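**Student:** the sequence isn't on hand, but the structure is:
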């Protein structure tokens, strides 16, 4: 019988010290092909990327999202928040997503993969849903970034509901949106590293 590990509840997490987030000085917003090329110069050297996407919320039952509108990638000390409005920028990001060399680690990535296929026309390679790793190690299947940060670091990962449900299709993102998006990917990178060797991937 598999042993089930417990995750701290919301009340316990609220008492934990905060996770040290990336701030704007270490976050790059990418919206053009030239900016994407600059980002690639660093990302191409990294074997692991923290990964997430954001889409403009849908409000009606049969409304179909045309997201993702934003894609986030992070390494150990910085993050890139990439807007997907520009076709040339999208083409570069599509190539990144098809690259098998880098592990793209994040949480709850099922919808992200489907939307990337629809939006960018590529099946993302090297994607690792950290939920599955926690499940394999005896944690509940729906482990998210907040629970993972609490379990591994004893810290509270703050997530703004206002930012989460904001309009990610805007041509110019707010500072709170940029910080929110970057840190989802940044925290995922650190969780991946803290988990140690991960045998099965993708």
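**Tutor:** Received, thanks. Just so it is clear, the structure is predicted and the values come from calculations on it, not from any experiment.

**Student:** biggest helix in the chain, by residue count?
**Tutor:** With secondary structure taken from DSSP state H, the chain has its longest helix at helix 175-194.

**Student:** gap between that helix and the chain center?
**Tutor:** Mean-position distance between helix 175-194 and its chain equals 6 Å (C-alpha atoms, centre = their mean, to the nearest Å).

**Student:** show me what contacts the residue lying closest to residue 178 once chain neighbours are set aside?
**Tutor:** Closest residue to residue 178 in three dimensions, ignoring its sequence neighbours and counting by C-beta to C-beta, 6 or more residues apart in numbering: residue 81, at 5.2 Å. C-beta coordinates here come from the backbone N, C-alpha and C atoms, glycine included. Residue 81 makes contact with 27, 28, 29, 30, 70, 72, 173, 178, 181, 182 under the criterion C-beta atoms under 8 Å, 6 or more residues apart in numbering.

**Student:** so can I have a markdown table of these showing neighbour count, distance to residue 37 and pLDDT?
**Tutor:** Below are those laid out as a markdown table (neighbours: other C-beta atoms under 10 Å; distance: C-beta to C-beta, whole Å; pLDDT from 0 to 100):
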| residue | neighbour count | distance to residue 37 | pLDDT |
| --- | --- | --- | --- |
| 27 | 22 | 18 | 98 |
| 28 | 17 | 12 | 98 |
| 29 | 18 | 15 | 98 |
| 30 | 25 | 10 | 98 |
| 70 | 25 | 19 | 96 |
| 72 | 27 | 18 | 97 |
| 173 | 23 | 20 | 96 |
| 178 | 22 | 20 | 97 |
| 181 | 27 | 21 | 96 |
| 182 | 27 | 19 | 97 |
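
**Student:** out of the residues you listed, which sit inside helices?
**Tutor:** Judged by DSSP H, helices contain the following of those: 178, 181, 182.

**Student:** quick one: contacts for residue 88?
**Tutor:** Going by C-beta under 8 Å, 6+ apart, residue 88 touches 32, 33, 36.

**Student:** just checking, what packs against the helix or strand harbouring the last one?
**Tutor:** The one in question is residue 36. Using DSSP states H and E, residue 36 maps to helix 33-43. Applying 3 or more C-beta pairs under 8 Å, 6 or more residues apart in numbering; DSSP states H and E, one finds that helix 33-43 contacts strand 27-30, strand 79-83, helix 87-98.
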